[in-house]
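In: Fold the following for me, if possible:
(8 chains, ligands or ions: 6)
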Amino acid sequence: MKAVLTGRHFMLGDIACAEGAMAAGCNFFGGYPITPATETAERMALRLPQVGGHYIQMEDEIGSLAAVLGASCAGAKAMTATSGPGFSLMQENIGLGIVTETPCVIVNVQRGGPSTGLPTLAGQADMMQAKWGSHGDYEAIAYVPNSCQEMFDFTIKAFNTAEKYRQPVFVMADEIIGHMTERVVIPGPKKIKLVSRKRPKGKKNYLPFKPDKDLIPPMALAGEGHAIHVTGLTHDARGYPVIDEETQHEMVTRLIEKIRRNAPKIWEFEEVMTEDADIVVVSYGAASRSAGRAVNIARKEGIKAGLMRLITAWPFPEKRIKELAESAKAFVVPEINMGQISREVERFASGRVLSVTHAGGGMLSPEAVLQKIKEVAK
Amino acid sequence: MKAVLTGRHFMLGDIACAEGAMAAGCNFFGGYPITPATETAERMALRLPQVGGHYIQMEDEIGSLAAVLGASCAGAKAMTATSGPGFSLMQENIGLGIVTETPCVIVNVQRGGPSTGLPTLAGQADMMQAKWGSHGDYEAIAYVPNSCQEMFDFTIKAFNTAEKYRQPVFVMADEIIGHMTERVVIPGPKKIKLVSRKRPKGKKNYLPFKPDKDLIPPMALAGEGHAIHVTGLTHDARGYPVIDEETQHEMVTRLIEKIRRNAPKIWEFEEVMTEDADIVVVSYGAASRSAGRAVNIARKEGIKAGLMRLITAWPFPEKRIKELAESAKAFVVPEINMGQISREVERFASGRVLSVTHAGGGMLSPEAVLQKIKEVAK
Amino acid sequence: MSRKEVRIGGFGGQGIILAGFILGKAVAIYEKKEAVQTQSYGPEARGGSCLADVIISDEDINYPMGTVPDVLVLMSQDAFNENHDKIADDAILIVDEDLVDASAFRKKNKVFKAPATRIAEELGKKIVANIVMLGFLAAVADVVSHDAMKKAILDSVPKGTEDLNLEAFEKGYEHGKNSVAN
Amino acid sequence: MSRKEVRIGGFGGQGIILAGFILGKAVAIYEKKEAVQTQSYGPEARGGSCLADVIISDEDINYPMGTVPDVLVLMSQDAFNENHDKIADDAILIVDEDLVDASAFRKKNKVFKAPATRIAEELGKKIVANIVMLGFLAAVADVVSHDAMKKAILDSVPKGTEDLNLEAFEKGYEHGKNSVAN
Amino acid sequence: MKYWRRPLDKDEIKTPKGHIYLIPDRCKGCGFCIEFCPKGVLEESKEINKKGYHLPKIADGKEDDCINCNFCMLICPEFAIYTEEGE
Amino acid sequence: MKYWRRPLDKDEIKTPKGHIYLIPDRCKGCGFCIEFCPKGVLEESKEINKKGYHLPKIADGKEDDCINCNFCMLICPEFAIYTEEGE
Amino acid sequence: MSVKGAGDEGRIETGEEHPLDHILRRDRLPHIWCPGCGLGSAMTCFAQAIEGVDIPLKKQVLLSGIGCTGRIAGYVNVDSYHTTHGRAIPFATGLKIANPELCVTVFSGDGDLFAIGGNHFLHAARRNVDINVICVNNFNYGMTGGQQGPTTPVDAKTTTTRYGSFEHPFNLPYLAAATGAVYVSRWTTLHCRQLEKSMEKALQKKGFTFIEIISPCPTGFGRPNKLGEGLEELRYYREKSVIKNDASWDEMDLHMRGEEPIVVGDFVDTERPTYLELEEQMLRKRGFMK
Amino acid sequence: MSVKGAGDEGRIETGEEHPLDHILRRDRLPHIWCPGCGLGSAMTCFAQAIEGVDIPLKKQVLLSGIGCTGRIAGYVNVDSYHTTHGRAIPFATGLKIANPELCVTVFSGDGDLFAIGGNHFLHAARRNVDINVICVNNFNYGMTGGQQGPTTPVDAKTTTTRYGSFEHPFNLPYLAAATGAVYVSRWTTLHCRQLEKSMEKALQKKGFTFIEIISPCPTGFGRPNKLGEGLEELRYYREKSVIKNDASWDEMDLHMRGEEPIVVGDFVDTERPTYLELEEQMLRKRGFMK
Ligand SMILES: Cc1ncc(C[n+]2csc(CCOP(=O)(O)OP(=O)(O)O)c2C)c(N)n1
Ligand SMILES: Cc1ncc(C[n+]2csc(CCOP(=O)(O)OP(=O)(O)O)c2C)c(N)n1
Ligand code: SF4
Ligand code: SF4
Ligand code: SF4
Ligand code: SF4
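Out: Residues are numbered from 1 along each chain as shown, chains lettered A, B, ... in the order given. Ligands and ions are numbered 1, 2, ... in the order given. Coordinates of the predicted model:
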């Protein structure tokens, strides 16, 4: 069986995500079933053995992410998929992944929360958690697909970005997209651009955590003879723990700058009719499909509305928001939560941001978005 | 032995926290040791048996918080204390506590992160995690003590607020305060105001999750004959799971409004020389002691600086920030992290907020704060 | 036709979701149109109520959720009770006549009664009632071609069951054509 | 005296932190002043280097961390090496003469050599060297009264060891007074 | 009148008679009661309930055979069938 | 020259001689080597190292008693003591 | 209700109220479990057991984690807590210690208790906390759609072991015994009477007790593994079950295929001071009376 | 170096390089452990063992969680991963499966492996993942300052059991055996030779192996429990240890007081297909060759 199922498919979002991983060269999945992400795991369990990869069902999500990080340290392109409760459990090891700079992909097919909440119904309320869920300071990278095709495409992006920047990368999907079936077009393997982590050149003077100019250190794998030491403690370029303020400063600021400085290369968004927009709707994932519809209707009704649709929620494309804020009268931010990304927008356009909220359990309606647009259009 | 050690003491911050809990009537501690919060646990292990309470050392932090919630459901005033890694592990059950409206106190003596980081050194980088660490939407309540006396006082506040609003409440301390020793004055038991959760009046028509006007439902304990059902699933007033959008809307908005509407009663802060301040320094916890020093020096040098010191970081006293923003030229926000609460300030005073950051591992210096004050004073 | 919504309802175990999937696939892969399929069900693993919505459109489908169905296919009484009155004025309604008593239906819409379960039982496999229904649907509702549907069925059913399923489809189609003719 | 900083340095196991605690307590509880005690140590459970800082002030102590000590008490060579040159110009330095070779000290500050470990050994308990040091400190540095210190020691040492500790304190105090006199 | 809770394996009991009751809408037709009735009292009927499940019925000639052993009640996963002491 | 790795309990070995080495700054004076040397070769000296720990020394009259059994090396928690085959 | 082709002969008289209805949250029936699922039988036995023992219903507390089995806590009409996945045991531990008068039972699935929750089981058993743990083992994760779990037999098909499971499953009674449970037994849902008795025993016994219930899950395990519907699974139990209280640990391994027996019985019944007893003992020893 | 009152008689010749220095991260010595701590001895044995077996050092991977023991991964000069508290085993599982050529050892403390990490131990043993787990049991949490852990004997004093511990401790070999480890042994740090041999055996054996090392922790356990310094703890081991390979599980309980023996030995040595072997077996059966 092939890793890349080139062709046109009518495919469940969750499965498209798995196929994206396959196409990205994923060869290890460590997971624990949870609605509504289970189908991704099940697909990986079917597919990985077909290409010599490994699917292991771990005892819980903590173990899943630990196994994923371990596999990545041995050279695998590794991933896991979960939903809110599992994502919460993964937070500690997300920090480990950040600090040890271990590439991997974590898919969160968001459902209604908090707690067990609505296992089978949608939410988008883990967006801030993706940024702030683990203790300590770090920068997150999170893709937000809004179609089955994007479940495929963005999973590949997530792998590439993880490998490039050496850190865990999130795909923050939601139950609507994960459990929806649409056409997914999978290109030929050669058409899929893949990125692999930087590797040390030669053994001499290799310091496992000494970054190149781009702030990213080349990564040695277990078993290559570098006798590396990797720790979750604050560490120096050699990887050795050093428990002091200076080393902490150096390590934490580098890890953060690694993403911040490269943010303009990482962040992605899509704009529709924003050039002359008085009202910019900022949305993402499932909600952005309602937002799109609302913007279309608003335009038909003569309101100058535009859509800025996030492809990455993190890093948040703040620069673009600032630019848009120069001409836009107001921002409307529809999301299936009680106002999360809207807070980010507020930071750069305060006083002019209207949140369209939804507690979860279903799709945010285009009408609700339209109403808010009309409200501010007055 | 007495629960309240009335008198003047020279006491470690962590121990003052434990004594605060004792004074608040805490009779159950479920914990797992972790630097720099261990001393709180050790003190509780010593003290609780003296008054007929129970200390149990659980197998991990997940179990600790689960046990604390269980104990609270049986009527105990229950708490746990941890630091970053343990706080990350508790996130899932924090959501359970929120959704089941189970009062308890969670102390986080923050250390340097992310990951294992700097176990013995300070950080304040879990502040946003306290708000966003668990999946789904909810409002957090978090106290931020800046002295040993406040470790005592705010722990009592935390218990009272937890009982009043029926939700887990955080004490977000830091290693500096936790491992510092200062005078702590413990008043007589009668001088300590204690609040206990609302209880159902009679059995008839009691619906365990039907709120009173204040949005808080009276709480029945296990073993009282109400045959209640408590679940982390989205549930109705009866406590029964109902997996739909409407129930979700009702439950989540009530839980959020329960805190938002009462926020002006919950949030607390202290102001020094802000009346005429051009520059308002917003700070909390250990960092606020540097901030205080910097403000004093600035005033001496003729700069109109003032200090707004948070007592609760969550709910964030946004109203007051808005008011201050009307007259202040700029805000300076020093914290031992890479800029967390400063983002909240930005939402209400965008463009005029300067962050003073510190990656952790020590105290933020008054000079750094002063320098920023001077920078904006120009 | 710019946007049409088909809703198929029944209970878990009847293959409702598969039916929706096949319809969507027929449209999205074998016709030059767009399709999105979504679903909803209760907490039960089996036996609970279950809905599949398929949106079919000539253009990109932005909003993917079903709103007011243009075609409503119902294979259980529960599904009928909960869905029959939330339909467009010119919608058509198809019910499995052995499973659904549609006498409560008060609107003016055209109602087709398909003996899907009966036909399936005649074929020896009650489980293919959903495919019979798809045949019926292809015949009476103007949303998908016979050909595209056939291809999608062949793609989607387990190996070894193709003939049975095609027969079920054709039987349903035939019945549908007759119903329209009548 | 508005703010004075005392730094006590040594290695884990010498009772450095306890010494700092007692000093702080003496000031904060038994005198009408403010005191804050902080500490720092390495990752070792024992034998690592270890510092206790006590800030003493007539006013509220805002900034609680030690900056430049006014009194530096050193009980190990490592502590000496790392700390001896980070002191105020008018600071005094006290070293345990058996444990610290202070010959590398180049500044003009007053240096006291206390035979704390030796006195403690004479008392039969090496472990009370820290208390001897406190006595010495009370005598030579103007930060705390003899009385307050005595009370704080009585409060803080394990039951049954009060006499030994008081003796250690007095011995140290005596030695200190003599040193000042000289 | 909780006959059904009587200690059933007490020695002195000799072939008591049982009366069977069914709450038809609860039954999911699993067949457990039919298969495991020690006296073979039950069999599947053609009758189906609201949800379309075939209900159990009393087999021909077995009308008086129920010994009120209560096993159908215990094993029925749906709280659909139970017995009471007959006369 | 890894003498120290020789299989030590081989039968043919007869009372080999050992030469002991110490890396003084590593020693923490735990006394393990002294207590558990099967030949009682070591004893505590008055000599202390930088950190103030008392080092082991060779006991009076035991200068030639080391049989290079290597146990001191194995049990020393500080990688401070080891032996080589003597001549 | 449509009644087709059925006369009245043999029709069973319609009951109004099931004798256990007062122990159930009747307003929540029918439950969500599949036709032929064994969970309902297990719940009936439990309802019988809490009726049967001499402990007031209002002192009974039932807890569960998440899963099909986990839903039991929502159907029995006593104080009940449906916690997070895997965390019912530590929740129960806190509850019991805070109010020792309560009779506390955790009723949950094998995945909940032994996959994600395994550690809590170990530690509660070790501490001998006075709670009862009842585990329904259906060899898979039912709730999430039939994936492999820590009890899935080697070679079995699940939605995540499409080529056959390649993990050795747990032997739960052995694990419970090794960690210190004072009472350990196993029954299938066919052994209703024994199961009910075991439950009564557990409810009354001091200390940490463990009952494993082997249960059909036609949806997640029976059908994918050619064991068929619930009824067929029960027939399989009837055929293969052997009651053997003194079975060796090895014999207790479950293969669920071929000629291998399903060994059931009461495997451990012993005494050890409970957590609270030992706490009291120590505190007394150190001069504290509570 | 100040040398007081010492002549040169008997002075040991100063060594330049310890024969194991090339296996250590020499630049990180001295290590952080207390004087008299057994961890250094355990590490020496391990260093000897990885030298002794016929596996290239570059294929050796050492992992640990957090704790005093957990620091070992930072001192041995092979690829080493100091993970999060309790998570070394699942991390190692991923690593081993992703690259089966590696020889993977988890070396950590009893708290790390059996308090917070207990569940991962169970599951890795059950799966028979081909990794080695070496646990230093010092009866407390050393790193955080001597609190009670899951191995603390009843009545023992720790900083969180000031009135004596009232929890039953684990019997680790029993637990390992019940969950499926193919090799299980226990030694004290005094049994250096046997320990080294056990380690060599474990490194070479296929499947999940487990070694428990009883070690002195004067700071956290010895002194508070009147067992004294490291040396005295070792003397205690010398007096009480009994080598008994066929000991019953009960005999293996550790009380660390009174006349109770410390039973050590090789308790389990058996064969079972490993996780990867069983995976291959299943895939072959279903027609996949890898
Ligand atoms: C943290 C977390 N991870 C995963 C899940 C998804 N989940 C719900 S139930 C379940 C397994 C249930 O299996 P089992 O305990 O055997 O119960 P059964 O459904 O088979 O009765 C899983 C994985 C969850 N709810 N929470
Ligand atoms: C999630 C988390 N909780 C708690 C800690 C604190 N902690 C570090 S090591 C340790 C226990 C170590 O005990 P053990 O494994 O027995 O090792 P020892 O130090 O005794 O060798 C604890 C509780 C942590 N680092 N992370
Ligand atoms: S056991 Fe219950 S559910 Fe099953 S057939 Fe009999 S009455 Fe119906
Ligand atoms: S090698 Fe053996 S005999 Fe020689 S000193 Fe060391 S322990 Fe003693
Ligand atoms: S999936 Fe299995 S366990 Fe769950 S209700 Fe259905 S049969 Fe029962
Ligand atoms: S605390 Fe115990 S385990 Fe840790 S280094 Fe010291 S003696 Fe060793």
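
In: Could you list the residues in contact with stretch C:141-148?
Out: C:1, C:4, C:6, C:23, C:26-27, C:29-31, C:56, C:70-71, C:92, C:94, C:137-139, C:173 (CB atoms under 8 Å, 6 or more residues apart in numbering or on different chains). For the C-beta atoms, the positions are set from N, CA and C on the backbone; glycine is no exception.

In: Quick one: end-to-end distance for it.
Out: 14 Å (CA to CA, to the nearest Å).

In: same deal with stretch A:175-194?
Out: Stretch A:175-194 has its terminal residues 27 Å apart, counting by CA to CA.

In: What lies in contact with the helix or strand bottoming out on mean pLDDT in chain C?
Out: Ranked by mean pLDDT, DSSP states H and E, the weakest helix or strand in chain C is helix C:77-83, scoring a mean of 90. Applying CB under 8 Å, 6+ apart, the external contacts of helix C:77-83 come out as C:7, C:9-11, C:49-51, C:69, C:72, C:74, C:95, C:99-102, C:104, E:50.

In: Just the buried residues out of those, in ChimeraX syntax.
Out: Per 16 or more other CB atoms under 10 Å in any protein chain shown, the buried members of those correspond to this ChimeraX selection:
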select /C:7,9,10,11,49,50,51,69,72,74,95,99,100,102
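
In: which phi and psi does the nearest residue to A:P189 once chain neighbours are set aside have?
Out: Using CB to CB, 6 or more residues apart in numbering or on different chains and skipping residues adjacent in sequence, the residue nearest A:P189 is A:V4, 4.3 Å away. Torsion angles at A:V4 (phi, psi; degrees, to the nearest 10) stand at phi -110, psi 120.

In: Tell me the confidence at A:V4?
Out: pLDDT recorded at A:V4 is 98.

In: Tell me who's in contact with it.
Out: Neighbours of A:V4 in contact, by CB under 8 Å, 6+ apart: A:M22, A:A23, A:I186, A:P187, A:G188, A:P189, A:I192.

In: tally of neighbours for the third one?
Out: Number of residues near A:I186 (other CB atoms under 10 Å in any protein chain shown) recorded here: 22.

In: what residues are up against whichever residue of chain A sits closest to chain D?
Out: With CB to the nearest CB, the shortest gap between chain A and chain D falls at A:I243, namely 5.8 Å. By CB under 8 Å, 6+ apart, the contact list for A:I243 reads A:L233, A:T234, B:L118, B:P119, B:T120, B:L121, B:G361, D:G42, D:P43.

In: so what's the nearest residue to E:S45 once chain neighbours are set aside bridging to?
Out: Nearest residue to E:S45, sequence neighbours excluded (CB to CB, 6+ apart): E:K57, at 3.6 Å. Under the criterion DSSP bridges, E:K57 forms beta bridges with E:E43.

In: pretty sure E:K57 contacts G:R11?
Out: Yes: using CB atoms under 8 Å, E:K57 is in contact with G:R11, at 5.6 Å.

In: Who has more neighbours out of those two?
Out: The neighbour count for E:K57 versus G:R11, taken as other CB under 10 Å, is higher for E:K57 (24 against 17).

In: what's the spacing between that one and E:E44?
Out: 7 Å (CB to CB, to the nearest Å).

In: can you check G:L113 too?
Out: 36 Å.

In: now G:Y141
Out: Using CB to CB, one gets 31 Å for the distance from G:Y141 to E:E44.

In: Please apply the same query to G:A176.
Out: 39 Å.

In: Neighbour count for the two, which is higher?
Out: G:A176 (29 against 14).

In: Cross-check the contact I'm expecting between the more buried one and G:F210.
Out: Yes: using CB under 8 Å, G:A176 makes contact with G:F210 at a distance of 4.1 Å.

In: What's the local residue count around G:N140?
Out: Neighbourhood size, G:N140 [other CB under 10 Å]: 33.

In: ok, now which ones touch it?
Out: Shown in contact with G:N140 (CB under 8 Å, 6+ apart): G:G111, G:G146, G:Q147, G:Q148, G:G149, G:T151, G:T152, G:T158, G:C217, G:G220, G:F221.

In: How about A:V68?
Out: Here A:V68 is in contact with A:F28, A:F29, A:G30, A:A78, A:M79, A:T80, A:C104, A:I106, H:G94 (criterion: CB under 8 Å, 6+ apart).

In: Out of those residues, who's the most crowded?
Out: Neighbour-wise, the contacts of A:V68 (other CB under 10 Å) top out at A:M79, 35 neighbours.

In: Confirm that it sits in a helix.
Out: No: per DSSP: H, G, I helix; E, B strand; the rest coil, A:M79 lies outside any helix segment and is strand.

In: Assign C:G9 to helix, strand or coil.
Out: Once three-state DSSP is applied, C:G9 turns out strand.

In: residue ranges with poor pLDDT in chain E?
Out: Within chain E, the ranges that satisfy pLDDT under 70 run E:1-14, E:87.

In: Quick check: neighbours shared by E:K57 and G:R11?
Out: E:S45, E:E47.

In: which residues touch A:A3?
Out: Per CB under 8 Å, 6+ apart, neighbours of A:A3: A:M22, A:A23, A:G25, A:V51, A:P189.

In: Pretty sure it sits in a helix.
Out: No: secondary structure of A:A3 (three-state DSSP): coil, not part of a helix.

In: so how far is chain C from it?
Out: As judged by CB to the nearest CB, to the nearest Å, A:A3 and chain C stand 21 Å apart.

In: The closest residue to ligand 2 within chain G: helix or strand, and which one exactly?
Out: Taking CB to the nearest ligand atom as the measure, chain G has G:N119 as its residue closest to ligand 2, at 13.0 Å. Using DSSP states H and E, G:N119 falls within helix G:118-127.

In: Beyond that helix, next helix or strand please.
Out: Following helix G:118-127 toward the C-terminus (DSSP H and E): strand G:132-137.

In: Nearest residue to G:H85 in space, please, no chain neighbours.
Out: Nearest residue to G:H85, sequence neighbours excluded (CB to CB, 6+ apart): G:I66, at 4.0 Å.

In: My assumption is that that neighbour lies in a helix; please confirm.
Out: No: with three-state DSSP as the criterion, G:I66 is assigned coil and is not in a helix.
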